[in-house]
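Peer 1: here is my input; please provide its structure:
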Amino acid sequence: MLLVVVGLMLAAVVLVGIGERLRLPWPALMVVLGAIAALIPGLPDGFTVEPDLILPLFLPPLLFATAQRTSWAVFRARWTVIVRLAVALVLVTAAAVAGLAWLLVPGIVLTAAIALGAMVAPPDPVAVEAVAGQVSIPRRLLAVLQSEGLFNDATALVVFQAAVLAATSGGELSAGALALRFVLGAIGAVVIGLGVAWLARTVLGRLTDATGRSALTLVLPFATYLAADEVGASGVIAVVVLALQLRAHADADEAAERLTQSGLWNVVELMVTGVAFGLIGLDLRQVVLAAGDDLPRMLGHAALVCVVVVVVRALWMGAAWFALGRSSDESTAPRSGREVVLLTWCGMRGLATLALALSIPVTTHTGEPFPARTEIVLIAVSVLFVTLLVPGFTLPMLVHALHIDDEADAERLAEREIVVRAQRAALATMEFERRVQGLPDDVAAGMRERLERLESVLSGDTQTDEDRQRFATLRAARRKVNDAQASALSAARAEVLSARREPGVDPHAADRVLRRLDLRSVLLD
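Peer 2: Numbering: from 1, shown residues only. Alright, predicted model coming up:
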């Protein structure tokens, strides 16, 4: 298992570069690679992860990383999207799939069919972020997909757990009990998320070591998820609330720490996503072997379920377009037929579907086999593959064909307003400091001139040909100075490394000097 995990991490690093060159989402390439590896004859079957560990291992860090890219303001503005997509659409999709499976699959009971519907109903936030986040689509649409993906797992988990319990015990499902369980679980998750965030801010305020602060941030998502799961609350919602709350109370002066944690979470997200999507592909072998001679028949049923999943989402998005098309709120979506197609196409399933499929018990409480377990797992994995790989490889072409990337380019102009606000704040603060500190006029004038160029620097845009020429000349002169300083710093680092290898020199002291030189080089860059 360790060999498989290390191999998947190495493959993820390689496929990131290949995906950039081919303009294809590397997570989808990871799934294909895992599927190819799983079909190699003679490959041992001992690489399957314990189902109960899949969600606690993979979801907390990836949810935390995704939720950090949004804010409370976005969720307050999009609460209707969360209700409409993360709750209502999940329930409608689960009901439609359950009805079809109950009619098609031999020997299945209604509660087992509902469990199948809950597995394949929620689009996965990790898959959406990994695939759609790399394509040039409007932030408005990506925010809708993120809002949906961050909460729909909670709805699916409640329905799935209740359905499996009823199927194994021979009981019945109660809509009222389901609703009460979901509401209580959501409330408990919000309380836990806010409580852990408050405790984390208190501890972080007393930690002065940047490494310790980053390490605590890495542990928090797992601790929050497990704490919520232990008391029967939603671990998904608790982790999302934690990330939003920590982000909302970030200190403006924690620039170095933000850079450090950004690099840390980029690496964590890359490694965890690579292993998770690779395991999705590797699990294909187990599913195919379990199906045996019934594989063609089961694949036919799986194809029909895939069609129902896509059609239900398309009809739901079309109805939302009809209802929202005349809305004065420009942040709503979909607002056109093109957006209906895009949001339908981005309903990728992922980790949650895999974990729930593998967590179905083998037997009921009476010792009998779980009704149609093999076919349920095969259908769930088939939906995962179809909804992940087909959009993953075709989404860039679809976005270009629909000309949605044009709107994405226009949205980037919205950055200018934020840039102007930053420039105004900097100029106002500089003027205040000039009066308080009594800065000489020539020094203040030079600082003001540099700050007035802040807009062009931050936005990456210059206004006139004369400005472009002037900045090109300045950049050329600055480049010569930087090159000279870089050469000098390189010589200094070489001398420190040479001294570090000499007998009698304290390596720790040499490393401290080398770190200062490295930081100086980074600041120069």
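Peer 1: where does residue 41 land in three-state SS?
Peer 2: coil (DSSP: H, G, I helix; E, B strand; the rest coil).
Peer 1: got a list of what it touches?
Peer 2: If a contact means CB atoms under 8 Å, 6 or more residues apart in numbering, then residue 41 has no contacts. Every residue, glycine included, has its C-beta placed from N, CA and C.
Peer 1: distance of it relative to residue 518?
Peer 2: 49 Å (CB to CB, to the nearest Å).
Peer 1: residue 235 now?
Peer 2: Taking CB to CB, one finds residue 235 at 39 Å from residue 518.
Peer 1: compare the two (neighbour count), which wins?
Peer 2: residue 235 (28 against 13; other CB atoms under 10 Å).
Peer 1: skip the chain neighbours and tell me the closest residue to that one.
Peer 2: Nearest residue to residue 235, sequence neighbours excluded (CB to CB, 6 or more residues apart in numbering): residue 225, at 3.8 Å.
Peer 1: name the element that neighbour belongs to?
Peer 2: helix 210-230 (DSSP states H and E).
Peer 1: cool, residue 203 as well?
Peer 2: Per DSSP H and E, residue 203 falls inside helix 175-206.
Peer 1: report the angle between that helix and helix 210-230.
Peer 2: Angle, helix 175-206 to helix 210-230, by axes from the mean of the first three to the mean of the last three CA atoms, to 10 degrees: 160 degrees.
Peer 1: helix 175-206 - what's its average pLDDT?
Peer 2: Mean pLDDT, helix 175-206: 89.
Peer 1: which parts of it are buried?
Peer 2: 178, 181-182, 185-186, 188-190, 192-193, 195-197, 200, 204 (16 or more other CB atoms under 10 Å).
Peer 1: from these, which is closest to residue 213?
Peer 2: Within the buried residues of helix 175-206, the smallest distance to residue 213 is 5.5 Å, found for residue 204 (CB to CB).
Peer 1: give the contact list for the closest one.
Peer 2: Residue 204 touches 213, 216, counting by CB under 8 Å, 6+ apart.
Peer 1: offset the numbering so it begins at 5, please.
Peer 2: That works, and once the first residue is 5, the last one we named lands at residue 208.
Peer 1: how close does it sit to residue 268?
Peer 2: 15 Å.
Peer 1: how about residue 186?
Peer 2: Counting by CB to CB, the gap from residue 186 to residue 268 is 34 Å.
Peer 1: outline the domain layout of the chain.
Peer 2: Following automatic domain parsing, one finds the domains of the chain at 56-274+298-406, 482-529.
Peer 1: okay, now the unreliable bits of the stretch 405-529 of the chain?
Peer 2: Across the stretch 405-529 of the chain, the ranges flagged by pLDDT under 70 are 409-425, 427, 443, 447-448, 455-469, 471-472, 525-529.
Peer 1: touching, residue 343 and residue 328? I think so.
Peer 2: No - counting by CB atoms under 8 Å, residue 343 does not reach residue 328; the two are 9.9 Å apart.
Peer 1: anything in contact with each of these two?
Peer 2: residue 337.
Peer 1: if you count what's nearby, which of those two comes out ahead?
Peer 2: Between residue 343 and residue 328, counting by other CB under 10 Å, residue 343 is the more crowded of the two (24 against 17).
Peer 1: the nearest residue to that one once chain neighbours are set aside: what secondary structure?
Peer 2: With CB to CB, 6+ apart as the criterion, residue 343 has its nearest non-adjacent residue at 5.5 Å, and that residue is residue 337. Classification of residue 337 using three-state DSSP returns coil.
Peer 1: show me the residues around residue 337 that make contact.
Peer 2: 85, 144, 145, 148, 328, 343, 347.
Peer 1: ranking the domains of the chain by burial, who's on top?
Peer 2: A comparison of the domains of the chain by mean neighbour count, using mean count of other CB atoms under 10 Å, puts domain 56-274+298-406 on top with a mean of 19.
Peer 1: for that domain, measure first residue to last.
Peer 2: End-to-end distance of domain 56-274+298-406: 41 Å, with CA to CA, to the nearest Å as the criterion.
Peer 1: picking up where we left off before, lowest-confidence entry in the contacts of residue 337?
Peer 2: Within the set of the contacts of residue 337, pLDDT is lowest for residue 328 (74).
Peer 1: surely that one meets residue 338?
Peer 2: Yes - between residue 328 and residue 338 there is a contact at 7.1 Å, judged by CB under 8 Å.
Peer 1: which strands or helices does the strand or helix carrying residue 288 pack on?
Peer 2: According to DSSP H and E, residue 288 maps onto helix 259-295. Using 3 or more CB pairs under 8 Å, 6 or more residues apart in numbering; DSSP states H and E, the elements in contact with helix 259-295 are helix 6-26, helix 30-42, helix 55-71, helix 129-136, helix 214-234, helix 355-362, helix 377-406.
Peer 1: reformat those as a markdown table; add distance to residue 81.
Peer 2: Below are these laid out as a markdown table (distance: least, CB to CB, whole Å):
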| stretch | distance to residue 81 |
| --- | --- |
| helix 6-26 | 32 |
| helix 30-42 | 28 |
| helix 55-71 | 16 |
| helix 129-136 | 18 |
| helix 214-234 | 25 |
| helix 355-362 | 25 |
| helix 377-406 | 24 |
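Peer 1: of those helices, which is nearest residue 100?
Peer 2: Proximity to residue 100, assessed across the helices and strands packed on helix 259-295 by CB to CB, is greatest for helix 377-406 (12.4 Å).
Peer 1: between that closest one and helix 129-136, how big is the angle?
Peer 2: 30 degrees.
Peer 1: quick one: helix 377-406 to chain centroid distance?
Peer 2: Centre-to-centre, helix 377-406 and its host chain are 18 Å apart (CA atoms, centre = their mean, to the nearest Å).
Peer 1: give the other helices and strands that it contacts.
Peer 2: helix 30-42, helix 114-124, helix 129-136, helix 259-295, helix 299-328, helix 341-349, helix 355-362.
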